[in-house]
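> requesting a structural model of the entry that follows:
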Amino acid sequence: MPRCYCPGSKSGRTRTTPLEDEPYNIIPVHNLLSNHPSLRFPEVRAVASTLRAVGDLRLPPHGQWHPAIDLLDWLALFFCFQHDNFKNKREHLVLHLANSQMRLSSPPKNIDTLDAGVLHTFRRKLLKNYTNWCSYLGKKSNVWISKSGHSKSDHPRELLYVGLYLLIWGESANLRFMPECICYIFHHMAMELNKILEYYIDENTGQLVMPSLLGENTFLHCVVKLIYEIVKAEVENSKNRTVPHTAWRNYDDLNDYFWSKRCFKKLKWPLDVGSKFFVTSSRSKHVGKIGFVEQRSF
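Residues are numbered from 1 along each chain as shown. Next comes the predicted model:
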């Protein structure tokens, strides 16, 4: 499997700040022993504890592993997300699920456990666009969950899919204006996640499968930055929108590329920088507009 490695980066991050001194936004979910008022709510403790249930997950090859690490840390270590991104998304996820559990008309018998229905509903809602995108393109979803999705054994896997999508979203910046592009990225990273969870063997190396992105912050440099630079170049080609719309691509035009099956063959994964998708409109052999093209009449 081809890989993207960020030269000069470190493979993992070692914690240098004591756990109790880690900064946070709203809830110190990294430290459940804290006396923070929010941790008195059983719903918050339930979600935070469920995230800590890493079980027998395969250990990341790089980075320091310790008892306080949870599923978001695990994803960040394997898929090279930024440190502050997974910290923010951890709080984001805990707040979402805790608030949903607080609104249940019939709380679970054990108030210190995350309700399976809450997680299932949140996952379906969060990944609805991805599910619809797969259906439109005739692609099988890479979210491997039992049909009921209400089994407690599905909790870690369901949280990993949710966490992966949120981490991708958290670093995507302006790519969020291209929702089907996000779906394309998630589709490939979810398959890599599945192969890690199922202990697949790499045919080329004979070793356990590794993600195609290696090195600290590589997701930012080898995915987000590559696509954003094309967006930036197209905007510059518009010359402050004085050039006809037919001569440059905007967000919608770039996103339209991911509504066709050809993106899987042409763009591939990891992203093929030699693809015509990365050729700007100012040069020949670029990917032009696919959908409606506005023609100025004045």
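> pull the number of nearby residues for P244.
The tally of other residues near P244 (other CB atoms under 10 Å) stands at 12. Just so you know, the C-beta spots here come from the backbone N, C-alpha and C atoms, and that holds for glycine as well.
> same deal with P156?
The local packing count at P156 equals 18, with neighbours defined by other CB under 10 Å.
> equivalent analysis for the one 3 residues further on, please.
By the other CB under 10 Å criterion, the neighbourhood of L159 contains 24 residues.
> so how far is the helix or strand hosting it off the chain centroid?
In this assignment (DSSP states H and E), L159 forms part of helix 155-171. Offset of helix 155-171 from its chain centre (CA atoms, centre = their mean, to the nearest Å): 6 Å.
> so after it, what's the next helix or strand?
helix 179-197.
> picking that back up, quick one: buried residues of the helix holding L159?
Residues of helix 155-171 classed as buried by neighbour count (16 or more other CB atoms under 10 Å): 155-171.
> tell me the contacts of L32?
The neighbours of L32, taking CB atoms under 8 Å, 6 or more residues apart in numbering as the test, are 39, 45, 48-49, 52.
> and the gap between the residue nearest the centre of the chain and G117?
The residue at the geometric middle of the chain, judged as the C-alpha nearest the mean C-alpha position with CA atoms, centre = their mean, is I168 (2.6 Å). When distances are taken as CB to CB, to the nearest Å, I168 and G117 turn out to be 25 Å apart.
> picking up where we left off before, CA atoms only for the helix holding L159, dumped as CSV, please.
Output in CSV follows, covering the C-alpha atoms of helix 155-171 (Å, rounded to 0.1, in the frame of the first residue of the first chain):
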residue,chain,number,x,y,z
HIS,A,155,-20.1,0.6,21.4
PRO,A,156,-16.3,0.8,20.8
ARG,A,157,-16.6,0.4,17.0
GLU,A,158,-19.5,2.8,16.7
LEU,A,159,-17.6,5.4,18.8
LEU,A,160,-14.5,4.9,16.6
TYR,A,161,-16.5,5.6,13.4
VAL,A,162,-18.1,8.7,15.0
GLY,A,163,-14.8,9.8,16.4
LEU,A,164,-13.0,9.3,13.0
TYR,A,165,-15.6,11.4,11.2
LEU,A,166,-15.4,14.2,13.8
LEU,A,167,-11.6,14.2,13.7
ILE,A,168,-11.7,14.5,9.9
TRP,A,169,-14.2,17.3,10.2
GLY,A,170,-12.2,19.1,12.8
GLU,A,171,-9.2,19.5,10.6
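> how big is the angle separating that helix from helix 179-197?
Inter-element angle recorded for helix 155-171 and helix 179-197: 140 degrees (by axes from the mean of the first three to the mean of the last three CA atoms, to 10 degrees).
> what helices or strands is helix 155-171 leaning on?
Helix 155-171 is packed against helix 42-52, helix 71-79, helix 83-102, helix 116-126, helix 179-197, with contacts defined by 3 or more CB pairs under 8 Å, 6 or more residues apart in numbering; DSSP states H and E.
> which parts of the longest one are buried?
Within helix 83-102, the residues scored as buried using 16+ other CB under 10 Å are 85-98, 100-101.
> now, among those, which is nearest to K225?
Relative to K225, the closest of the buried residues of helix 83-102 is N85; by CB to CB it sits at 14.2 Å.
> right, and the closest one touches G170 too?
Yes. Under the criterion of CB atoms under 8 Å, N85 lies in contact with G170, with a separation of 4.4 Å.
> if we can go back for a sec, what remains of the contacts of L32 if I keep only buried residues?
Among the contacts of L32, those classed as buried by neighbour count (16+ other CB under 10 Å) are 39, 45, 48-49, 52.
> widest-spaced pair of those?
L39 and R52 (13.4 Å).
> one step back: residues touching the residue nearest to the centre of the chain, list them.
When contacts are counted by CB under 8 Å, 6+ apart, I168 is found next to 182, 185-186, 189, 219.
> so which of these is surrounded by the most neighbours?
Of all the contacts of I168, the most densely surrounded is F219 (26 neighbours; neighbours counted as other CB under 10 Å).
> let's verify it: helix, strand, or coil?
Using DSSP: H, G, I helix; E, B strand; the rest coil, the three-state assignment for F219 comes out as helix.
> touching, it and E171? I think so.
Yes. With contacts defined as CB under 8 Å, F219 counts as touching E171 at a distance of 6.1 Å.
> find the residues that touch each one of the two.
Shared between the contact lists of F219 and E171 (criterion: CB under 8 Å, 6+ apart) are residues 81-82.
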